[in-house]
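Colleague: Here is my input, please return the structure:
(one chain, ligands or ions: 1)
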Amino acid sequence: MTLITGAAAGIGAATATLFAEQGATLALCDREASFADGDGPFRRVLDVRDSVAVQSFVGAVVEQFGRIDVAVNNAGGTFASALLDVSPKGEAALIAENFTQVTQLVRETVPHMPSGGSIINVTSIEAHRAAPGFAIYGAMKAGQENLTKSLALELAPMGIRVNALAPDVLLTEGTAYLSGDRIGTGLPYQPSPMPPLGHWGTSADAAGGILFLASDLARFVTGITLHVDGGNLAAGGWHRSDIERT
Ligand SMILES: NC(=O)c1ccc[n+]([C@@H]2O[C@H](COP(=O)([O-])OP(=O)(O)OC[C@H]3O[C@@H](n4cnc5c(N)ncnc54)[C@H](O)[C@@H]3O)[C@@H](O)[C@H]2O)c1
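Modeller: Predicted coordinates for the structure are as follows:
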């Protein structure tokens, strides 16, 4: 069975849909109150920064299904602000949102994960480059990437694989603003123009990568980052001059 955090929208929702199409049993959570409504897979409304709620969620999942084969740490996010304008409270929230909750979920789930299990941490291209206006988010995603490698080695003797998937510019509810002309960080920087592939990505593009990493097709793959970014990381400072950023 597969546990996915942040499953009400964007990459988490697309991943849940794709896994369900493949016949996976799902346990989902999200902090959106409306997520509780309706039929469908096992689901709970909770904020992954709430350690007590996470503990009780994993407990309920294990009680219902007896094991967790795949854990997708997808919930995360940020707000745009220069570091000097981020309050200590805002910083603590970003660290909890993009790092601490991942280590907690790993600690809670691994004892219930059999050999052959797989953990996928959804990180970001910002883990691999400067992130002006998103400095703490970028630092925490970079931390998640290093954590992914260390965990891959720590859990390899148990037959559990750990990988990261680093998206960039997949148009979701959370990133719709990035496709506009400017983003409001208050800093004189803007993200890369249109990726080399010439179009924005979608949540389904990330979901496909997550399915691959979770599946037996990736049974010899651990400790890596799969970049789902239309070529943006490879491009570095280069961008296509024959296409508009729209
Ligand atoms: N979309 C992209 O281009 C992109 C780029 C880089 C990284 N990411 C990463 O991908 C992941 C998903 O992003 P997305 O674009 O699908 O975002 P999104 O905002 O469209 O969806 C995120 C979902 O997670 C939920 N969520 C957020 N914080 C939560 C919390 N603390 N507890 C419980 N639920 C929470 C939200 O309610 C929402 O339903 C995030 O970790 C994000 O940092 C996305």
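Colleague: How about the backbone phi and psi for the nearest residue to Ser115 once chain neighbours are set aside?
Modeller: What sits nearest to Ser115 in space, not counting adjacent residues and going by CB to CB, 6 or more residues apart in numbering, is Gly159, at 3.1 Å. C-beta: built from backbone N, CA, C; applies to glycine. Dihedral angles phi and psi of Gly159 (degrees, to the nearest 10) take the values phi 80, psi 20.
Colleague: helices and strands around the lowest-mean-pLDDT helix or strand in the chain, which ones?
Modeller: Using mean pLDDT, DSSP states H and E, the weakest-scoring helix or strand in the chain turns out to be strand 170-171, at a mean of 89. Strand 170-171 is packed against strand 201-202, helix 203-214, with contacts defined by 3 or more CB pairs under 8 Å, 6 or more residues apart in numbering; DSSP states H and E.
Colleague: Tell me which residue lies nearest the centroid of the chain.
Modeller: In the chain, the residue lying closest to the centroid (CA atoms, centre = their mean) is Val122, at 2.5 Å.
Colleague: Could you give the separation of the least confident helix or strand of the chain from the chain centroid?
Modeller: Taking CA atoms, centre = their mean, to the nearest Å, the mean C-alpha location of strand 170-171 is offset from the chain mean by 13 Å.
Colleague: Would it count as contacting the ligand?
Modeller: Yes: looking at strand 170-171 against the ligand by CB under 6 Å from any ligand atom, the contacts come from Leu170.
Colleague: who's in contact with that strand?
Modeller: Contact partners of strand 170-171, identified using CB atoms under 8 Å, 6 or more residues apart in numbering, comprise Gly10, Ile11, Leu178, Ser179, Trp200, Gly201, Thr202, Ser203, Asp205, Ala206, Val228.
Colleague: can you check stretch 85-102 too?
Modeller: 5, 48-49, 51, 54, 73, 75-79, 81, 121, 135-137, 140-141, 143-144, 147, 186.
Colleague: for stretch 202-222, same thing?
Modeller: Here stretch 202-222 makes contact (CB under 8 Å, 6+ apart) with 2, 10-11, 13-15, 17-19, 22, 70, 72, 74, 118, 120, 122, 152, 156, 161-163, 165, 167, 170-172, 226, 228.
Colleague: May I ask you to name the longest helix in the protein?
Modeller: Of all the segments of type helix in the chain, defined by DSSP state H, the longest one is helix 135-155.
Colleague: and that helix, anywhere near the ligand?
Modeller: No: legend: contact between helix 135-155 and the ligand by CB under 6 Å from any ligand atom is lacking; minimum distance shown is 6.8 Å.
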